[in-house]
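Peer 1: Fold the following.
(2 chains)
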Amino acid sequence: MIDDKYDFKTVESKWQEQWQRSGLYGWNAEEAKANSYIIDTPPPTVSGFLHIGHVYSYTQTDLIARYRRMAGANVFYPMGFDDNGLPSERLVEKTRNIRASDLSREEFIRICYEVVRGAEDEFRALFKQLALSVDWSLEYQTISPHSRKISQLSALDLFRKGELYRQLQPTLWDPADRTALAQAEVVEKEIAGTMWEVPFRLAHGGEVTIATTRPELLGACCALLIHPDHPRRAELERGEAISPLYSVPVPILVDAQVDPQTGTGVVMCCTFGDAIDVDWWRRYKLPLRIVIDKTGRLTAMHAIGGADWPSLDLAGARAVAASLTGLTIRAAREKIVAILQERGHLKSQKPIQRMVPCAERSGAPLEILVTPQWFVRALDKKQALIEKGRSIRWFPDYMRLRYELWVENLKWDWCISRQRYFGVPFPFWYSKRRDEEGRIIAADPADLPVNPLADLPRGYGPDEVEPDPDVMDTWATSSVSPQINSYGVAPGLMIDAQRHRKLFPATLRPQAHEIIRTWAFYTILKSHLHEDKAPWRDIAISGWCRAPDRSKMSKSKGNVITPEGLLDRYGADVLRYWTATSRLGVDTALSEDVLKVGKRLVTKLWNASRFAGLQLEGFAARPQTPRADCERGLVAAAFDCWILSRLAETVTEATAANEDYEFATALRVTERFFWADFCDNYLELVKGRAYGDFGTSASQLSARYTLWHCLDVVLRLFAPILPHVTEEISSQLFSRAAAPDRSIHARGNWPRPEDQFRDVTAETLGATGVNVLAAVRKLKANRNLSLKKPLLWCNVAFAENGAPLSPDALDGLRPDLMHAIGTTKLTWNNREPPLGAVEAVTTPDEAMRVEVAFAD
RNA sequence: GGGCGGUUAGCUCAGUGGGAGAGCACUUCCUUGACAUGGAAGGGGUCACAGGUUCAAAUCCUGUACCGCCCA
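Peer 2: A predicted model of the protein is given here:
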């Protein structure tokens, strides 16, 4: 007997512990790869707080993992934590109210470890409470020695292949975090600014006015540019202008990339204001004039006056530079505007809104500085990368276009060095030996992981090398997540070659769409460079969880919903239900309504099972499969065959949907079967016979077999979505003597379509019976009568060419139907109805007319 | 400016060539031996708009509008 009430709190925690103890989710390393389903789980960024979005996306992956496991796969489902890198450093600086630059490197890193461990504990607790079917023995951290080793092996492989290079060149620079950044870490922000118009004297007389939003870069000006269609082209082309304040002569160039609509149509090229300046600087081989340092402050411009940086008034230029030295960009801008104004060099100023590239993490406007950085080659591989992307199945497919668009628009090779602390160091030193000064010395693979600041390359003494002080971009490590799991990077660079063969490439990458340009792209790039392979067979892109009003949840808006309260009120199964109702790629609003529906489903499952449990009391038979029990003749009643056939259709549809990652469709068809067919119709129709009110012991047995199968299969169909309640019911009702501890979630326990019983005739016949039942319900509802109200009689008149069913077949419906509609007299096509006030209704398909007479 | 997705009942959404649907909400009724956290019946839609293809369009094509996202 099943309890009256379902208490999710005790049941959920009970099973979570039990499942972990039993090793249900373990990956079997001994099996062939063909049986495996390998998930490249997203290691959550340890950002310091839990978000309902974590519940949403991680549960969707678990729905897939649970289905695949039940469908028979040897599922490899690890969990990682992306704990290194800038996001973690920012978390540490914020929560501990410290700055990395104020501490020793060792001390800062020690505190980082402390903080990320605490944050990981919170994630782990949430994931366990959601019953993610993760094999926790496979857990990894991107900062662990193992991950550092894989990440450094990756760097060594790319370095040997010439795909990783170090170069002094203009690079995106975040002056707030004081590090280089990659193109993917740039976000455009609309910022209020000012457009100033500043006249330059022309060497041969006259003047030309430029427009700029960044007057503080005036000192870095190395050319003026005009569009080919500029009205003064003939006069200006190949001429020379003199910058105000600094008196530096600069050439006037003609270039089609100048936007003639902006400002005055004359623009200054500075080293560097933005990416287009870099283009011009390269194309026209312009001199490098640095005025901003790594902290985003103005330099003293010591180089002015040199051969590459002449001034017609050196003393004046140095005086201006001195008055700006050390100022922040913003302060320098104000000051130089004041000076320009004072000296009559400002023609006009007007406010504008402009798009400014900013650092994704710190939010600071980016500068472009010339610094030595490590780059991974990508620009020369666009076509191959697009083809790799096309060899992967994208769910939904249109997300592939975002990837392709990103690859096509790449402007920079991938800069992976960061001037930070908590990350994977580069396994490189620079030689100080006289004959090979500056030569890059790579670590021996056998020595990895190394820390060049503490370790030495083989054969070198401490005074003979300069260590590389940088750490890798966090994505440089997370982009080898498949290899962190597989223990190998490329031939000859393996920790465990056999394991690598079994786990690489992986089967599925689940991830969100905003990191297609980073995580997905970088992972594809690395696998391409390492082994010329795609890292996975499939990629599933989840949507975002939005606030109930469909706005984006964000800390600044204060509308972030955390999972704890919802878990407490509804339990994990109900949250998982909400997650399962939306499709991949589609954003979903958190909806209290949907949670309530999920809660009702859990309750209904419980109550329907209690009822079936009553019917199955003392049922000692050993059911086989629905199909076998029908073929053995144990299930023979018309409505029993009908519901089993409907069940078979449901299994087929749900299985096909799950194979395509359409868990929402699988849920929908299962719910429809359970609520409408099973609970509302079948249970009402079968009640009397199951209780033994009428019929034979064989017909009662048929009902019991059918109830057993329906419930057993429907619980298994719901199991990936509602793991706790289905396990609890299943363990109470169906624990077989042979395998009492077998979990409903066990590998291979998904109901197989070929084990089901499908019979089109039985479906048609049953549907006819259900239509009669619906018609009688309608007649009773029209008169506001109780459904129990008995009928004197009921006659079903089939349309001329309706009722392709034989009278014998129809008679199979009679016992259950008479009991359900409450009559002792049910006839087919009776042309002479007995006495009584006749009321009738025609079914919507017009196949039949149902006539009844009430007792009063 | 380019690309992608969306626009279907009051709300949230499913439906990709042939009946316009589900849940929630709403109205009326039913305390029936699993369930009132239930059940039955019912009202409610110009499928954003305009053209086109087709015997037939929510569905395919073209364009427009609006919303969202990605990238410049």
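
Peer 1: All the strands of the stretch 351-500 of chain A, in order from the start?
Peer 2: The residue ranges that make up the strands of the stretch 351-500 of chain A, judged by DSSP state E, counting those that start in this stretch, are A:367-376, A:393-395, A:414-415, A:417-418, A:428-431, A:440-442, A:465-467, A:471-472, A:488-490, A:493-494.

Peer 1: need the ones you listed in JSON lines with distance to A:R742, mean pLDDT and mean neighbour count, can you?
Peer 2: Heads up, the C-betas are built off the backbone N, CA and C, glycines and all. As requested, those are arranged in JSON lines below (distance: least, Cβ to Cβ, whole Å; pLDDT from 0 to 100; neighbours: other Cβ atoms under 10 Å):
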{"stretch": "strand A:367-376", "distance to A:R742": "49", "mean pLDDT": "95", "mean neighbour count": "21"}
{"stretch": "strand A:393-395", "distance to A:R742": "31", "mean pLDDT": "95", "mean neighbour count": "19"}
{"stretch": "strand A:414-415", "distance to A:R742": "49", "mean pLDDT": "96", "mean neighbour count": "24"}
{"stretch": "strand A:417-418", "distance to A:R742": "50", "mean pLDDT": "96", "mean neighbour count": "26"}
{"stretch": "strand A:428-431", "distance to A:R742": "54", "mean pLDDT": "98", "mean neighbour count": "20"}
{"stretch": "strand A:440-442", "distance to A:R742": "53", "mean pLDDT": "97", "mean neighbour count": "18"}
{"stretch": "strand A:465-467", "distance to A:R742": "56", "mean pLDDT": "97", "mean neighbour count": "18"}
{"stretch": "strand A:471-472", "distance to A:R742": "46", "mean pLDDT": "96", "mean neighbour count": "25"}
{"stretch": "strand A:488-490", "distance to A:R742": "35", "mean pLDDT": "97", "mean neighbour count": "24"}
{"stretch": "strand A:493-494", "distance to A:R742": "38", "mean pLDDT": "97", "mean neighbour count": "20"}
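
Peer 1: Tell me which of those strands sits nearest to A:S478.
Peer 2: Ranking those by distance to A:S478, with Cβ to Cβ as the measure, places strand A:471-472 first at 10.2 Å.

Peer 1: Which residues of the stretch 401-550 of chain A lie near RNA strand B?
Peer 2: A:401-402, A:405-406, A:409, A:411, A:513-514, A:517, A:550 (Cβ under 7 Å from any atom of the strand).

Peer 1: filter these to the buried ones?
Peer 2: Neighbour counting by 16 or more other Cβ atoms under 10 Å classes A:402, A:406, A:513, A:517 among these as buried.

Peer 1: Just to be sure, the last one is in a strand?
Peer 2: This means A:R517. No: judged by DSSP: H, G, I helix; E, B strand; the rest coil, A:R517 forms no part of a strand; its state is helix.

Peer 1: re earlier: okay if I get the strands of the stretch 351-500 of chain A as TSV plus distance to A:N830?
Peer 2: As requested, those are exported to TSV (distance: least, Cβ to Cβ, whole Å):
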stretch	distance to A:N830
strand A:367-376	83
strand A:393-395	56
strand A:414-415	81
strand A:417-418	86
strand A:428-431	94
strand A:440-442	94
strand A:465-467	98
strand A:471-472	84
strand A:488-490	78
strand A:493-494	81
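
Peer 1: Those strands: which one's closest to A:F673?
Peer 2: If you check each of the strands of the stretch 351-500 of chain A against A:F673 by Cβ to Cβ, strand A:393-395 wins as the nearest, at 24.8 Å.

Peer 1: who does the closest one pair up with?
Peer 2: Strand A:393-395 pairs in its sheet with strand A:536-542 (parallel), by DSSP bridges.

Peer 1: May I see the buried residues of the strand it pairs with?
Peer 2: By neighbour count with 16+ other Cβ under 10 Å, strand A:536-542 contains the buried residues A:536, A:538-542.

Peer 1: Near the residue lying closest to A:P42 once chain neighbours are set aside, how many residues? Count them for me, please.
Peer 2: Distance criterion Cβ to Cβ, 6 or more residues apart in numbering; nearest residue to A:P42, sequence neighbours excluded, is A:Q511 at 5.2 Å. Residues contacting A:Q511 under the criterion other Cβ atoms under 10 Å number 22.

Peer 1: Pairing partners for A:Q511 in the sheet, please.
Peer 2: On the basis of DSSP bridges, A:Q511 is bridged to A:I541.

Peer 1: ok, it - contacts?
Peer 2: Listed by Cβ atoms under 8 Å, 6 or more residues apart in numbering, the contact partners of A:Q511 are A:42, A:519-520, A:539-542.

Peer 1: closest to RNA strand B among those residues?
Peer 2: Top of the list for closeness to RNA strand B, among the contacts of A:Q511 and by Cβ to the nearest atom of the strand, is A:I541 at 10.7 Å.

Peer 1: which SS class is the residue in chain A positioned nearest to RNA strand B?
Peer 2: When you check chain A against RNA strand B by Cβ to the nearest atom of the strand, the closest residue turns out to be A:F611, at 2.9 Å. Using three-state DSSP as the criterion, the local structure at A:F611 reads helix.

Peer 1: Can you say which helix or strand has the residue nearest to A:T213 when sequence neighbours are not counted in it?
Peer 2: Using Cβ to Cβ, 6+ apart and skipping residues adjacent in sequence, the residue nearest A:T213 is A:G193, 4.9 Å away. Counting by DSSP states H and E, the element that carries A:G193 is strand A:186-202.

Peer 1: Listing partners with orientation, what would you give for that strand?
Peer 2: Listed by DSSP bridges, the sheet partners of strand A:186-202 and their directions read strand A:207-212 (antiparallel), strand A:240-242 (antiparallel), strand A:348-359 (antiparallel).

Peer 1: Those into CSV, with extra columns for mean neighbour count and distance to RNA strand B?
Peer 2: CSV is the format used below for the strands paired with strand A:186-202 (neighbours: other Cβ atoms under 10 Å; distance: least, Cβ to the nearest atom of the strand, whole Å):
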stretch, mean neighbour count, distance to RNA strand B
strand A:207-212, 18, 19
strand A:240-242, 20, 27
strand A:348-359, 14, 6
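
Peer 1: Save those strands as a markdown table, and put in mean pLDDT and distance to A:A180 too.
Peer 2: Formatted as a markdown table, the entries for the strands paired with strand A:186-202 read as follows, by pLDDT from 0 to 100; distance: least, Cβ to Cβ, whole Å:
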| stretch | mean pLDDT | distance to A:A180 |
| --- | --- | --- |
| strand A:207-212 | 93 | 25 |
| strand A:240-242 | 95 | 33 |
| strand A:348-359 | 88 | 11 |
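
Peer 1: By neighbour count, which bits of stretch A:125-144 are buried? Give me those.
Peer 2: Using 16+ other Cβ under 10 Å, the residues of stretch A:125-144 that count as buried are A:126-135, A:138-144.

Peer 1: Sorry, slip of the keys, the one I care about is stretch A:97-117.
Peer 2: Of the residues in stretch A:97-117, A:100, A:108-109, A:111-112, A:115-116 count as buried by neighbour count, 16+ other Cβ under 10 Å.

Peer 1: Where does pLDDT dip in the stretch 601-750 of chain A?
Peer 2: A:736-738, A:740 (pLDDT under 70).

Peer 1: any chance you could map the helices in it?
Peer 2: Counting by DSSP state H, counting those that start in this stretch, the segments of the stretch 601-750 of chain A that form helices are A:626-631, A:638-659, A:663-672, A:684-691, A:697-718, A:723-733.
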